[in-house]
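A.B. asks: when you get a sec, could you give me coordinates for this:
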Amino acid sequence: MLVSINNQNPQMRLIRKAVDILRGGGIVIYPTDTVYGMGCDLFNKKGIERIYEIQRRDRKQPLSFICADLKDVSRYARVSDDAYKIMKRLLPGPYTFILEASRVVPKIILPKRQTTGIRIPDNRICQALIAEMDSPVISTSVKDGGGELLSDPRIIEELFGKRVDMIIDGGIIAATPSSVVSLLDEGVEVIRIGKGDVSAFQ
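C.D. replies: Here you go, the predicted structure:
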């Protein structure tokens, strides 16, 4: 099911429809400020299992998720004062921050270490979705069979329309991965250079 939602002024009745699907254990593909993401409710194990299967993703690879704001982040990860200052300056934005996960985060998305990737995208559809959901949503990039990021919701529908429960059309995105920055052990380490400017950390 492909549903068009206005990127600047998301229609709340459509956002609620997506939230109903997520709360029911469904999978939704949605636009972010970097790529189209595939997600489900962070606490729905069956949904997470489906994402691993659909993406043909190695289960040893952790999954990131999106939060509403920094207050929300602090529920799901240990955030030092320095980490908080960095994130406050850069979020919402095209960054994934690696943090020590709290006990609230499901083990299924933490296959190796007790660390997790958290995003707060600068995208109004995302923000409306999370605010209405009142719970984090898994966020994994949507790619084709060759590993290329997909930016056109029509192509995404052709490839994934029968395997997910909703695709939100927020327009064509110039798909670029987020920059990944580790804030573990009181340090700062750039793991991946993506859309977000990381020059201050290098």
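A.B. asks: what about Gly25, distance to Ile5?
C.D. replies: 21 Å (Cβ to Cβ, to the nearest Å). From N, CA and C alone the C-beta is placed, and that goes for glycine too.
A.B. asks: more neighbours: those two, which one.
C.D. replies: Ile5 (22 against 16; other Cβ atoms under 10 Å).
A.B. asks: look up how far Arg103 lies from that one.
C.D. replies: Relative to Arg103, and taking Cβ to Cβ, Ile5 is found at 34 Å.
A.B. asks: so the closest residue in space to Arg16 that isn't next to it in sequence is in which element?
C.D. replies: Using Cβ to Cβ, 6 or more residues apart in numbering and skipping residues adjacent in sequence, the residue nearest Arg16 is Glu132, 6.2 Å away. For Glu132, the enclosing helix or strand under DSSP states H and E is helix 124-133.
A.B. asks: please enumerate the strands of the chain.
C.D. replies: Taking DSSP state E, the strands of the chain run over residues 2-4, 28-31, 36-39, 64-66, 77-78, 95-101, 115-119, 137-141, 166-169, 179-182, 189-192.
A.B. asks: what's the fifth one packed up against?
C.D. replies: Read that as strand 77-78. For strand 77-78, the helices and strands in contact under the criterion 3 or more Cβ pairs under 8 Å, 6 or more residues apart in numbering; DSSP states H and E are strand 95-101.
A.B. asks: can you get me a residue count around Ser64?
C.D. replies: Counted by other Cβ under 10 Å, the residues lying close to Ser64 total 21.
A.B. asks: show the pLDDT at the closest residue to it other than its chain neighbours.
C.D. replies: Nearest residue to Ser64, sequence neighbours excluded (Cβ to Cβ, 6+ apart): Gly117, at 3.4 Å. On the pLDDT scale, Gly117 is placed at 96.
A.B. asks: so who does Gly117 touch?
C.D. replies: Shown in contact with Gly117 (Cβ atoms under 8 Å, 6 or more residues apart in numbering): Pro62, Leu63, Ser64, Phe65, Thr96, Phe97, Ile98, Val180.
A.B. asks: now with 10 Å, please.
C.D. replies: Gly117 makes contacts with 62-66, 77, 95-99, 101, 109, 139-140, 178, 180-182, 191, as judged by Cβ atoms under 10 Å, 6 or more residues apart in numbering.
A.B. asks: out of those, which are buried?
C.D. replies: 62-66, 77, 95-99, 101, 109, 139-140, 178, 180-182 (16 or more other Cβ atoms under 10 Å).
A.B. asks: center of the protein - which residue?
C.D. replies: Ser139 (2.7 Å; Cα atoms, centre = their mean).
A.B. asks: and the pLDDT at that residue?
C.D. replies: With respect to pLDDT, Ser139 scores 96.
A.B. asks: okay, and the beta partners of it?
C.D. replies: According to DSSP bridges, the partner residues bridging Ser139 are Ser64.
A.B. asks: if I look at it, how far off is Asn9?
C.D. replies: 22 Å.
A.B. asks: starting at the chain centroid, how far to stretch 170-178?
C.D. replies: 13 Å (Cα atoms, centre = their mean, to the nearest Å).
A.B. asks: endpoint to endpoint, that stretch covers what distance?
C.D. replies: 18 Å (Cα to Cα, to the nearest Å).
A.B. asks: understood, closing this out.
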